[in-house]
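Colleague: got a structure for you, letters missing:
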Ligand SMILES: Cc1cc2nc3c(=O)[nH]c(=O)nc-3n(C[C@H](O)[C@H](O)[C@H](O)COP(=O)(O)O)c2cc1C
């Protein structure tokens with residue numbers, strides 16, 4: 001890892017409020033409470049030791065504008081976490097309304113997620129990026145914090161690319177739902193120029 005991109009795994013300070021943090025509700029109660037929470041679906045990617053790695057996430061959150069920081073929470077048992085934790089760069093791409101199959105593919109274990117029909121290309125810094133997404137962010141690791149059974153990866157966003165502004169893919173009530181226009185919005189960045197008669 002290059003020196004200026006050194007990731008800091010911080011010693012986690014004690015919880016802000018005192019209290020018995022062993023007595024939280026269980027995971028299924030939390031999932032029930034969050035079912036009505038519409039969460040945008042993204043795929044986290046990186047160049048792993050043996051090839052491209054990637055995983056579907058809904059834990060993407062905007063953290064800071066200056067510097068530009070985002071975060072993703074990855075399960076500590078995730079194979080992708082093991083591959084991505086030492087990468088110098090990683091990519092985060094937001095899926096469009098018509099990319100539910102991509103979301104399912106990158107959440108499925110035991111398959112080559114980058115094999116056909118997945119369309120992908122190498123982006124800046126050799127980060128594998130999935131084709132035809134809404135937007136792509138190339139990040140360098142900024143912080144990694146172990147929190148419960150996940151690791152929070154905070155990334156410094158060093159490069160952004162915008163795709164055609166189509167509708168979004170969200171995870172809502174346990175299913176993948178398209179939201180907004182299915183086709184590219186005219187006049188937006190990345191939209192094709194309108195044909196003239
Ligand atoms: C819509 C959706 C959102 C998900 N969000 C996350 C997430 O934010 N963090 C996470 O660790 N796993 C998340 N998962 C689960 C992983 O995608 C899934 O467990 C995957 O198989 C892990 O693969 P890996 O072990 O190769 O990393 C999500 C799955 C789906 C379908």
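Modeller: Structure's in. What do you need? Computed from a predicted structure; not experimentally measured.

Colleague: I'd guessed residue 54 sits against residue 105; true?
Modeller: No. Using Cβ atoms under 8 Å, residue 54 is not in contact with residue 105; the gap is 9.1 Å. In short, each C-beta sits where N, CA and C put it, glycine included.

Colleague: which bits of this structure sit near the ligand?
Modeller: With Cβ under 6 Å from any ligand atom as the criterion, the chain meets the ligand at residues 41, 55-59, 73-75, 78-80, 103, 107, 109, 171.

Colleague: In strands, which of the residues you listed appear?
Modeller: 55-57, 73-75, 171 (DSSP state E).

Colleague: which of these count as buried?
Modeller: Among these, the ones that count as buried by 16 or more other Cβ atoms under 10 Å are 55-57, 73-74, 171.

Colleague: show me where the chain has strands.
Modeller: Secondary structure of the chain (DSSP E): strands located at 8-9, 39-40, 42-48, 51-57, 61-64, 69-75, 90-94, 120-122, 128-130, 135-147, 150-162, 168-172, 175-179.

Colleague: need the longest helix for this structure.
Modeller: The residue-count maximum for a helix in the chain (DSSP state H) belongs to helix 27-34.

Colleague: Please compute how far that one lies from its chain's middle.
Modeller: On the basis of Cα atoms, centre = their mean, to the nearest Å, helix 27-34 is displaced by 21 Å from the centre of the chain it belongs to.

Colleague: ok, back up a step: quick check, nearest of the buried ones among the ones in strands among the residues of the chain next to the ligand to residue 144?
Modeller: residue 74 (9.5 Å; Cβ to Cβ).

Colleague: which residues touch that closest one?
Modeller: Counting by Cβ atoms under 8 Å, 6 or more residues apart in numbering, residue 74 touches 44, 55, 57, 59, 80-81, 84, 150-151, 153.

Colleague: Dump those residues to TSV, plus pLDDT.
Modeller: As requested, the contacts of residue 74 are exported to TSV (pLDDT from 0 to 100):
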residue	pLDDT
44	98
55	98
57	98
59	98
80	97
81	97
84	97
150	97
151	98
153	98
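
Colleague: quick one on the thing from earlier: which residues does the longest helix of the chain contact?
Modeller: residue 24.

Colleague: Counting neighbours, what do you get for residue 148?
Modeller: Neighbour count of residue 148, defined by other Cβ atoms under 10 Å: 12.

Colleague: Could you identify which of the strands of the chain has the lowest mean pLDDT?
Modeller: Ranked on mean pLDDT, the bottom entry among these is strand 8-9, at a mean of 56.

Colleague: Residue 170 contacts residue 179, correct?
Modeller: Yes. Between residue 170 and residue 179 there is a contact at 5.2 Å, judged by Cβ under 8 Å.

Colleague: the more surrounded of the two?
Modeller: residue 170 (19 against 13).

Colleague: beta partners of the more buried one?
Modeller: residue 40, residue 177 (DSSP bridges).
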